[in-house]
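Novice: my questions are about this predicted structure, shown below with the sequence.
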Amino acid sequence: MTTSPDDAPPTPTPAEAPLISVGVLGARGRMGTEVCRAVDEAEDLELVAMVDERDWLFNVADAGAQVVVDFTRPDSVMENIRFCIDQNIHCVVGTTGFDEQRLATIAEWLRPKPEVGVLIAPNFGIGAVLLMRFAAEAARFFPSVEIVELHHPAKVDAPSGTAARTARLVAAARRAAGVPAAPDATRESDSLPGARGADVEGIPVHAVRLTGLVAHQEVLMGSSGETLTLRHDSYDRASFMPGVLLAVREIGNRPGLTVGIESLLGL
Ligand SMILES: NC(=O)C1=CN([C@@H]2O[C@H](COP(=O)(O)OP(=O)(O)OC[C@H]3O[C@@H](n4cnc5c(N)ncnc54)[C@H](OP(=O)(O)O)[C@@H]3O)[C@@H](O)[C@H]2O)C=CC1
Ligand SMILES: O=C(O)C1=N[C@H](C(=O)O)C[C@H](O)C1
């Protein structure tokens, strides 16, 4: 039997495509509030559950969430991810506090669930992602690199997840290019502890907490007679929303563990 174009089922328009059901963990927090608003306003997404610290986590499963967005705390996030994987719910995670060991644990949890996706991004801001890329590209040309991250004083972790990841990317690029350790004559005996910041794979990272700030980062690079400073500023948490929504829309097509939104942006 042949079918004429008139018999073919109509292609669904975006408005008719099934909505993606989204649950938000940390829903009453600074980021969670913003994410709930952004999901609510998106025509292709449906906010089905809002869960905060004293709420029942099973609400997201009971509500039929296909994707959970987690902006909670470093000490809660692993339990939440475990729960989502067990419930076959994709997970978009903005909460910080991930090291190689935590990532390996999540990859292990995902092994028996090849259809589930978990995306962990220390920063969903497009400008911040680009800053990380530019810094990693430039760092091998300069003997010295240091990072300064500046945040609002309610932030519980230091250094920021973004700064830690930037430092690791920069350090890896310098190692690959054979760049030696940065010159630094500082003697422990002549210094106050912490004065040179945290050492992340050989890159000093300095954390500032200041009323009035949101989320900011500078990567300073120095060579003989010149410096290059890359700076990114998030003045408003709205800056993270395009990246979060992109991840929510894409995670269903990306099973397994994804770190960062670089691959979603084609970087
Ligand atoms: N990836 C990115 O682009 C960004 C990441 N972040 C990160 O996101 C995280 C949250 O930041 P922010 O929104 O400022 O923090 P907030 O403290 O404002 O929000 C966290 C919320 O999570 C709640 N919470 C804690 N534990 C649980 C749990 N087990 N289940 C559900 N809810 C829970 C808290 O409740 P209560 O207050 O009662 O404890 C609070 O409402 C941080 O790790 C931060 O670094 C922030 C901005 C951007
Ligand atoms: O706590 C914050 O505010 C932020 N946390 C993330 C981080 O630690 O890198 C992202 C952004 O810097 C804002």
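Specialist: All right, it came through fine. Ligands and ions are numbered 1, 2, ... in the order given.
Novice: enumerate the residues of the protein near ligand 1.
Specialist: 25-26, 28-32, 51-53, 71-74, 76, 94-96, 121-124, 161, 240 (C-beta under 6 Å from any ligand atom). C-beta here means a position set from N, CA and C on the backbone, and glycine is covered the same way.
Novice: let's see 5 Å
Specialist: 25-26, 28-31, 52-53, 71-73, 76, 94-96, 123-124, 240 (C-beta under 5 Å from any ligand atom).
Novice: filter these down to the buried ones.
Specialist: Buried subset of the residues of the chain next to ligand 1 (neighbour count, 16 or more other C-beta atoms under 10 Å): 25-26, 29, 31, 71-73, 76, 94-96, 123-124, 240.
Novice: coming back round to it: inside strands: which ones of the residues of the chain next to ligand 1?
Specialist: Of the residues of the chain next to ligand 1, the ones assigned to strands by DSSP state E are Leu25.
Novice: could you say which helix or strand holds Gly127?
Specialist: Assigned by DSSP states H and E, Gly127 falls within helix 126-138.
Novice: in CSV, could you pull the C-alpha coordinates for that helix?
Specialist: Extracted C-alpha coordinates of helix 126-138, given in CSV (Å, rounded to 0.1, in the frame of the first residue of the first chain):
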residue,chain,number,x,y,z
ILE,A,126,28.3,30.2,28.9
GLY,A,127,30.8,33.0,29.6
ALA,A,128,32.3,31.0,32.4
VAL,A,129,32.6,27.9,30.2
LEU,A,130,34.3,30.0,27.5
LEU,A,131,36.7,31.5,30.1
MET,A,132,37.8,28.0,31.2
ARG,A,133,38.4,27.1,27.6
PHE,A,134,40.4,30.3,26.8
ALA,A,135,42.4,29.9,30.0
ALA,A,136,43.4,26.3,29.2
GLU,A,137,44.4,27.5,25.7
ALA,A,138,46.5,30.4,26.9
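Novice: spit out the contact partners of the nearest residue to Thr166 once chain neighbours are set aside.
Specialist: The shortest distance from Thr166 to any non-neighbouring residue, by C-beta to C-beta, 6 or more residues apart in numbering, is to Met132 (5.0 Å). For Met132, the contacting residues are Asn123, Thr162, Arg165, Thr166, Leu169, by C-beta atoms under 8 Å, 6 or more residues apart in numbering.
Novice: list the buried ones in stretch 251-267?
Specialist: Buried, per 16+ other C-beta under 10 Å, within stretch 251-267: Ile251, Leu257, Thr258, Val259, Gly260, Ile261, Leu264.
Novice: pLDDT on that stretch, on average?
Specialist: Confidence for stretch 251-267, expressed as mean pLDDT, is 97.
Novice: how about the residue of the stretch 101-250 of the chain found nearest ligand 1: what's its closest non-neighbour residue?
Specialist: Closest approach of the stretch 101-250 of the chain to ligand 1 (C-beta to the nearest ligand atom) occurs at Phe124, with a separation of 3.8 Å. Leaving out its chain neighbours, the residue that sits closest to Phe124 by C-beta to C-beta, 6+ apart is Gly243, at 3.1 Å.
Novice: can you report how many residues lie near the one you found?
Specialist: 23 (other C-beta atoms under 10 Å).
Novice: same check, this time on Gln101
Specialist: By other C-beta under 10 Å, 7 other residues sit near Gln101.
Novice: quick check: next helix or strand after the helix or strand harbouring it?
Specialist: Element membership for Gln101, per DSSP H and E: helix 100-110. Reading on from helix 100-110 to the C-terminus, the next helix or strand found by DSSP H and E is strand 117-120.
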